[in-house]
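A.B. asks: mind folding the following:
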Amino acid sequence: MKPEMIHPEIDPSEQPRNDLDRVIHGLGNLLSLLFIFTVGISFYEVLMRYLFDSPTIWVHETASFIGGCLFVYGGSYAMATNKHVRVVLIYDIVSDTTRRYLNLFHHILGLIFTSLLIWASFQMVEDSWLSPLGDWSLETSGSAWNPAFPALVKGTIFLTICLMFAQFFLHLIQEINGLRKHKNV
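C.D. replies: Numbering: from 1, shown residues only. Below you'll find the model as predicted:
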């Protein structure tokens, strides 16, 4: 399916640029339904706490875990839909050729940055998933419920940053190909 076919009413520059972006976009739209679930369980907690004087031990940590994971995924989603932060004051006044070079610079810096984040987040995951002796032992919250959410959030961070690295790489290739076509025209 062509990008302009996904949402024809949206600016084509905000459409996913490749198959990976389309998957990220579709998955992000599905995952956004978890916000409704989070609101639902939070409402349940309020009812249990204030109407029945019987608070839960799991809602707060579950809502925080879901929200944290969705927040992390948002970076990849923003990149897939070209809604990441940029200095539009400069970007919007330059020529198309200059924009292409700015995009090239952005993607190269993104690759460097995500490479460093992958290394750092891998260290974080390793520490939260393995004991000092190397045994499998997920870090837990330490609460009465004690879920392994801290380790799972760190794993989500690592996977999402790897995904963003792949996005930067694919976008860099597309930008280079776009520059070649632009020069040949």
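
A.B. asks: pretty sure I24 contacts Q167?
C.D. replies: Yes: in terms of CB atoms under 8 Å, I24 counts as a neighbour of Q167; the distance is 7.4 Å. Any C-beta I mention is one placed from the backbone N, CA and C, and that applies to glycine too.

A.B. asks: what are the buried residues along the biggest helix by length in the chain?
C.D. replies: Across the chain, the helix with the greatest residue count (assigned by DSSP state H) is helix 149-184. Neighbour-count burial for helix 149-184 flags 149-165, 167-168, 170-172, 175 (criterion: 16 or more other CB atoms under 10 Å).

A.B. asks: check stretch 133-149 too.
C.D. replies: 138-139, 147-149.

A.B. asks: again with stretch 27-40
C.D. replies: 28, 31, 38.

A.B. asks: my guess is the first one contacts G75, does it?
C.D. replies: Meaning G28. No: between G28 and G75 there is no contact under CB under 8 Å: 10.6 Å.

A.B. asks: quick one, what contacts the residue nearest the centre of the chain?
C.D. replies: Nearest residue to the geometric centre of the chain (CA atoms, centre = their mean): Y73, 2.2 Å. Contacts of Y73 were listed using CB atoms under 8 Å, 6 or more residues apart in numbering, and they are 28, 31, 156, 160.

A.B. asks: let me see the contact set for F169.
C.D. replies: Taking CB under 8 Å, 6+ apart, one finds 107, 111 in contact with F169.

A.B. asks: state the distance from it to D127.
C.D. replies: As for F169, its distance to D127 is 27 Å (criterion: CB to CB, to the nearest Å).

A.B. asks: ok, G142 next?
C.D. replies: Taking CB to CB, one finds G142 at 15 Å from D127.
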